[in-house]
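with the input below, show me the fold.
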Amino acid sequence: MSFKDDYQAKIKSLAEAAAQIQSNERIMSNPVAAMPISLITAITKRYKEYENVTLYSAFVIHPFDFFTNPEVAEKIRYHSFFMGPLERQLVSYGTFSVDPVNFSNLNLLIEQRIKPTTFVTTVSEMDEEGYFNYGPMGVTIGEVSSKVAQKVIIQVNKNVPKVNGTHNKIHIDDVDIIVEQDEQLLEIPETPSSNIDKKIAECIVPHVKDGSTIQIGFGGLANAVSYGLDSKKDLAVHTEMITESMVYLTEKGVITGPIRGGFAMGTRKLYDFSGDNDQISIEPLHLVNDPSRIAQIDNFVSVNGCLMADLTGQVVSEGAGTRFISSVGGANDFVRGATKSKGGQSFICLASTNKNEKTGEVTSNIMMSFPPATPVTVPRADVQYIVTEHGIADMFNRSIEDRVEQMISIADPEFRDELRTQAITAGFIRK
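Have a look, this model is predicted:
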């Protein structure tokens, strides 16, 4: 049987494909632009037939009924290994769960904990050798999910660009069901940078040497740092997320080295830039985020944001108290990898204060202690540099007393005396 004949034999309608899902299934879906929206919608419509179906993915940007309808959520329980803006808005509904995991361990999460019965994803059209390409988002967890799952259902979408990299394809022999449904890839607009973001970026940019390899996270702060590198030379990229700013820096001739990432997430321009580009290699996240691999890259610069930090340098990126705001992601992976790199630097950034939009109250994001139940994302012993708009605190391998003094120096001036008094009372520093 030819590849084309095999293809035709495996085609089903969306309804027929959705009918293959049974109660007690564990469905793994590729995230964001690799999520097969039409297929998952068709599965969701059959919720009354299910008991104990679980769907695992991340950064969902389509408002499926299992988010907003408790009746559907009772039948289809969603788990997120990384929360995006939509999940952040809907987490208070209590209709889904959050799975904390370092991205370098995603393969172990899938193989040892989730053990999916079905894997669903969008893919490009099939090539002459019988391969479908996962595209700019699907390489993330594509190969490990397809190997573990008992059933693989793909949604072929002509709008998925083919990307270069490793483990970036799936062969028709490894596919059980094919549905054909074209969709525009879901896009994530750039987050604008605030004036504070730009001040923090101004602290970091002078420390980035020409010829460095960079990893920069998501959001307004990350964009401020990225675009601020436009006067640098011969940069390379090794990052979980390839961003719009990296397109800009490449077109300007700043990034001349290889761009290695776990996924590209943004606009159609970024997706097209990532497709069939010899400069770019998209690889599974557990490989890209492997700290031992990162450590082998000289002059590695990692820049990530956080929500809060305490006076000893513990870093919070996931939420406050029992309230989830974000997720673990690659924070630990890149902090540990960068600090082991020859000439490496790890910067964790935050605004020094937070203003409550309802009450107008201003509080310090640097504090003596966190609200009860707040998860520590990056242990203080791993942290190298913490940055606010007031400067850089050098925390690596310092004593508690030194750490406290460093953190007070980058806190908002209005809170420094209060923090110092708290530190003296706690016995962290002397009067």
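
and stretch 221-238, C-alpha only, in PDB?
The C-alpha coordinates for stretch 221-238 follow below in PDB (Å, rounded to 0.1, in the frame of the first residue of the first chain):
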ATOM      1  CA  LEU A 221       9.800  42.600  30.200                       C
ATOM      2  CA  ALA A 222      11.200  40.000  27.900                       C
ATOM      3  CA  ASN A 223      10.400  42.100  24.900                       C
ATOM      4  CA  ALA A 224      12.100  45.100  26.500                       C
ATOM      5  CA  VAL A 225      15.300  43.100  27.000                       C
ATOM      6  CA  SER A 226      15.200  41.600  23.500                       C
ATOM      7  CA  TYR A 227      14.600  44.800  21.600                       C
ATOM      8  CA  GLY A 228      17.200  46.500  23.800                       C
ATOM      9  CA  LEU A 229      19.900  44.100  22.400                       C
ATOM     10  CA  ASP A 230      19.700  45.700  18.900                       C
ATOM     11  CA  SER A 231      23.200  47.100  19.200                       C
ATOM     12  CA  LYS A 232      24.800  43.800  20.000                       C
ATOM     13  CA  LYS A 233      26.700  41.500  17.600                       C
ATOM     14  CA  ASP A 234      26.800  37.800  16.700                       C
ATOM     15  CA  LEU A 235      24.200  36.600  19.100                       C
ATOM     16  CA  ALA A 236      22.800  33.100  19.100                       C
ATOM     17  CA  VAL A 237      19.700  31.700  20.700                       C
ATOM     18  CA  HIS A 238      18.900  28.700  22.800                       C
END
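
ok, Asp6 to Ile178 distance?
9 Å (CB to CB, to the nearest Å). C-betas here are computed from N, CA, C, even on glycine.

please say which of those two ends up with more neighbours.
Each of Asp6 and Ile178 has its neighbours counted (other CB atoms under 10 Å); Ile178 has more, 22 against 15.

what lies in contact with whichever strand or helix holds that one?
Assigned by DSSP states H and E, Ile178 belongs to strand 177-180. Contacts with strand 177-180, where a contact means CB atoms under 8 Å, 6 or more residues apart in numbering, come from 7, 10-14, 17, 20, 36, 38-39, 151-156.

just the ones in strands from those residues, please.
When DSSP state E is applied, the contacts of strand 177-180 are split such that Lys151, Val152, Ile153, Ile154, Gln155, Val156 fall in strands.

outline the domain layout of the chain.
3-180, 195-426 (automatic domain parsing).

ends of the shortest one, how far apart?
With CA to CA, to the nearest Å as the measure, the first residue of domain 3-180 is 16 Å from its last.

again with the longest one
End-to-end span of domain 195-426 (CA to CA): 34 Å.

so for it, mean pLDDT?
On average, the pLDDT along domain 195-426 is 96.

right, and Arg430 touches Ala423 too?
No: between Arg430 and Ala423 there is no contact under CB atoms under 8 Å: 9.7 Å.

okay, those two: which has more neighbours?
Using other CB under 10 Å, the more surrounded residue of Arg430 and Ala423 is Ala423, with 22 against 7.

ok but that one is inside a helix, no?
Yes: counting by DSSP: H, G, I helix; E, B strand; the rest coil, Ala423 is part of a helix.

quick one: the most centrally placed residue in the chain from Tyr7, how far?
Relative to the mean C-alpha position of the chain, the nearest C-alpha, by CA atoms, centre = their mean, is the one of Gly329, at 5.1 Å. Gly329 sits 36 Å away from Tyr7, going by CB to CB.

and Val383, by the same measure?
51 Å.

so between these two, which is more surrounded?
Val383 (25 against 19).

which ones are touching that one?
Gly313, Gln314, Val315, Val335, Ser346, Ile348, Met395, Phe396.

wait, a helix at the last one?
Think Phe396. No: under three-state DSSP, Phe396 sits outside any helix and is assigned coil.

what's the local residue count around it?
The tally of other residues near Phe396 (other CB under 10 Å) stands at 14.

returning to what we had before: tell me how far the strand holding Ile178 lies from the chain's centre.
28 Å (CA atoms, centre = their mean, to the nearest Å).

contacting residues around Met407?
Applying CB under 8 Å, 6+ apart, the residues contacting Met407 are Ala309, Asp310, Leu311, Thr312, Gly313, Ile366, Ile386, Ala393, Met395, Leu419.

just want the phi and psi numbers for it.
phi -70, psi -40 (degrees, to the nearest 10).

please renumber so the chain begins at 18
OK, 18 is where the count begins now, so the last one is Met424.

now it: how far from Leu324?
Using CB to CB, one gets 15 Å for the distance from Met424 to Leu324.

same check on Ser114?
Going from Ser114 to Leu324 by CB to CB gives 20 Å.

quick one: which of those two has more around it?
More crowded of Ser114 and Leu324, by other CB under 10 Å: Leu324, with 19 against 13.

what's the spacing between the nearest residue to that one once chain neighbours are set aside and Val395?
Spatial nearest neighbour of Leu324, chain neighbours left out: Val333 (5.1 Å); criterion: CB to CB, 6 or more residues apart in numbering. Val333 sits 8 Å away from Val395, going by CB to CB.

repeat for Phe280
Distance from Phe280 to Val395, by CB to CB: 22 Å.

quick one, which of those two is more surrounded?
Phe280 (29 against 24).

what ranges do the strands span in the stretch 168-317 of the chain?
168-173, 186-188, 194-197, 230-233, 252-259, 272-281, 297-299, 317-322 (DSSP state E, counting those that start in this stretch).

I'd like those written out as a markdown table, with distance to Leu203 added.
Below are the strands of the stretch 168-317 of the chain laid out as a markdown table (distance: least, CB to CB, whole Å):
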| stretch | distance to Leu203 |
| --- | --- |
| strand 168-173 | 13 |
| strand 186-188 | 21 |
| strand 194-197 | 18 |
| strand 230-233 | 22 |
| strand 252-259 | 15 |
| strand 272-281 | 13 |
| strand 297-299 | 17 |
| strand 317-322 | 23 |
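
out of the ones in strands among the contacts of strand 194-197, who's the most crowded?
Highest neighbour count within those: Ile171, with 30 neighbours (other CB under 10 Å).
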